[in-house]
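# 3D model of this:
(3 chains)
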Amino acid sequence: MALQDQTRKAEKAISGDSSIAARLLAWYDAHHRDLPWRVTPGAFARGTRPDPYRIWLSEVMLQQTTVEAVKAYFRTFIEKWPTVAALAAAPAEDVMKAWAGLGYYSRARNLKACADIVAAQRGGRFPDTEAGLKELPGIGAYTAAAVAAIAFDRPAAVVDGNVERVVSRLYSIETPLSEAKPEIRALVEKLVPETRPGDFAQAMMDLGATICTPRRPRCMLCPVREDCSAILAGDPERFPVRLPKDDRPLRRGAAFVAERGDGAILLRKRPDKGLLGGMTEVPTTAWTARADGATTADAAPFPADWRRAGRIGHVFTHFALELDVFHAHIEGAAPVGHFWSLAHEISGEALPTVMKKVIERAIPGATKARPV
DNA sequence: GAAGCGTGGTT
DNA sequence: TAACCAAGCTT
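Below is the predicted model of the structure:
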């Protein structure tokens, strides 16, 4: 290990990698973004350290999710559950409700499972190594490295989409992205500095988010433009090279909004696994690839005076969906597997965005917060 | 290793 | 505006 470290240092001295890291860190000190989960640069040198719980929570929320979308959810979670012990003590249902709208709902289930393990088996303390972190549910290669570096000052190679873009431009990598990942990781490992590895990781990501952007990068403002091979090549925007994506199929179906006289709406819970796993929905038909999909009220889960309320569209990662929305007024007990959600409770249900669209189409305003 | 898994902002 | 794609993980 010591020998490897020496080799790494020697390679850096020769290649100038340490100068890239130094310039990035200086740039980060001056231009870093202020984010709710962040501490001031140089925390460890001052003898302070970030709260691993907050770093972990933010990193899970940030998986494939924009910073702007995460901010409000992060604040809500921290206010509701200030510690991992508090999150572990919370009912899973409450966590799903608080996550509703953020997407990729398996993250919320894994978040809760991870909190339970850390609280019950580890005295509320997160592992402080990449390997230890990666064993926990919902923590993969990226998140393990990010938490190890940012919360525990470990020299881990943090590789996310930003870093892939920055590095593929720095070295003008022509290999398409999926195939180039091992090469990119190796290059990042050589760049990581011995000191301030967490700030370095965040600097790379901030650079990718604000300067080395996917389109129209602001190269004139870049602290490492002198080192950038893609600028020499004349077209930084060409990197990273990506393979063309498969196109999204269209699925259709019908959704049924049953409303009681007092404004309650009939809901049910989806299975824990799969699409929108563990979330709440109104009754719907299956979502099929049929193109003839002239859905009718005949497909309703129970008879009622169903009126067509229109149609909504929604785009998921791997298919687009069109749902015909039907609306009816019914009374009485909820059918097996369903429950009535009172008018003032609907906004707090674990409703994914597609289901809020459906309900809003039938009953405008029904999913907005309303006084009790 | 490929496919499944949400949503919203940007261009 | 349709496409792109964001601090990826799991199976």
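# Which of the helices or strands spans whatever residue of the stretch 1-150 of chain A ends up closest to DNA strand B?
Nearest residue of the stretch 1-150 of chain A to DNA strand B, counting by C-beta to the nearest atom of the strand: residue A:103, 2.7 Å away. Bear in mind the C-beta positions are built from the backbone N, C-alpha and C, glycine included. Residue A:103 belongs to no helix or strand when assigned by DSSP states H and E.
# got the contact list for it?
If you count contacts by C-beta atoms under 8 Å, 6 or more residues apart in numbering, residue A:103 has them with A:64, A:65, A:352, A:353.
# among those residues, who's most crowded?
residue A:352 (23 neighbours; other C-beta atoms under 10 Å).
# sorry, back to before: I'd like the contacts of residue A:103 written out as JSON lines, with pLDDT added.
Shown next, in JSON lines, are these (pLDDT from 0 to 100):
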{"residue": "A:64", "pLDDT": "95"}
{"residue": "A:65", "pLDDT": "96"}
{"residue": "A:352", "pLDDT": "96"}
{"residue": "A:353", "pLDDT": "95"}
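# Can you tell me which of those is closest to residue A:92?
Relative to residue A:92, the closest of these is residue A:352; by C-beta to C-beta it sits at 16.0 Å.
# Ramachandran angles for the residue of the stretch 51-200 of chain A found nearest DNA strand C?
Residue nearest to DNA strand C within the stretch 51-200 of chain A: residue A:140 (2.5 Å; C-beta to the nearest atom of the strand). Backbone torsions for residue A:140, taken as degrees, to the nearest 10, come to phi -100, psi -160.
# Let me see the contact set for the nearest residue to it once chain neighbours are set aside.
Counting by C-beta to C-beta, 6 or more residues apart in numbering, residue A:140 lies nearest to residue A:134, which is 6.9 Å off, once chain neighbours are set aside. If you count contacts by C-beta under 8 Å, 6+ apart, residue A:134 has them with A:140, A:141, A:144.
# Can you give the contact residues for the helix or strand containing residue A:357?
Assigned by DSSP H and E, residue A:357 belongs to helix A:353-362. The contact list for helix A:353-362, computed with C-beta under 8 Å, 6+ apart, reads A:101, A:103, A:255, A:257, A:259, A:265, A:276, A:279-282, A:284, A:309-312, A:314, A:316, A:321, A:323, A:325-327, A:346, A:351, A:366-367.
# Now, those that are in strands?
Those of the contacts of helix A:353-362 mapping onto strands are A:255, A:257, A:259, A:265, A:280-281, A:309-312, A:314, A:321, A:323, A:325-327, per DSSP state E.
# thinking again about what came up before, would you list the contacts of residue A:103 in TSV and tack on distance to residue A:96?
Output for those, formatted as TSV (distance: C-beta to C-beta, whole Å):
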residue	distance to residue A:96
A:64	18
A:65	16
A:352	10
A:353	14
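# Out of those, which are close to DNA strand B?
A:64, A:65, A:352, A:353 (C-beta under 7 Å from any atom of the strand).
# so who does the residue nearest to the spatial centre of chain A touch?
What sits nearest the mean C-alpha location of chain A, by C-alpha atoms, centre = their mean, is residue A:63, with 3.2 Å. By C-beta under 8 Å, 6+ apart, the residues touching residue A:63 are A:104, A:107, A:142, A:143.
# from those, which two are the most distant?
Longest span within those, C-beta to C-beta: A:104 and A:142, 13.8 Å.
# Between the two, tell me which one has more neighbours.
Using other C-beta under 10 Å, the more surrounded residue of residue A:104 and residue A:142 is residue A:142, with 19 against 14.
# List the single closest residue to that one in space, sequence neighbours excluded.
Nearest residue to residue A:142 in three dimensions, chain neighbours excluded: residue A:160, at 5.4 Å (C-beta to C-beta, 6+ apart).
# Could you do residue A:228 as well?
residue A:170 (5.4 Å).
# okay but the one you found is in contact with residue A:225, surely?
No - assessed by C-beta atoms under 8 Å, residue A:170 is found out of contact with residue A:225, at 9.9 Å.
# how close does the residue of the stretch 51-200 of chain A closest to DNA strand C sit to residue A:59?
Residue A:140 sits 10 Å away from residue A:59, going by C-beta to C-beta, to the nearest Å.
# cool, residue A:266 as well?
Distance of residue A:266 to residue A:59, computed by C-beta to C-beta: 37 Å.
# Using the three-state scheme, assign the residue lying farthest from the centre of chain A.
Within chain A, residue A:305 marks the point farthest from the mean C-alpha position, 40.4 Å out by C-alpha atoms, centre = their mean. Following DSSP: H, G, I helix; E, B strand; the rest coil, residue A:305 is assigned to coil.
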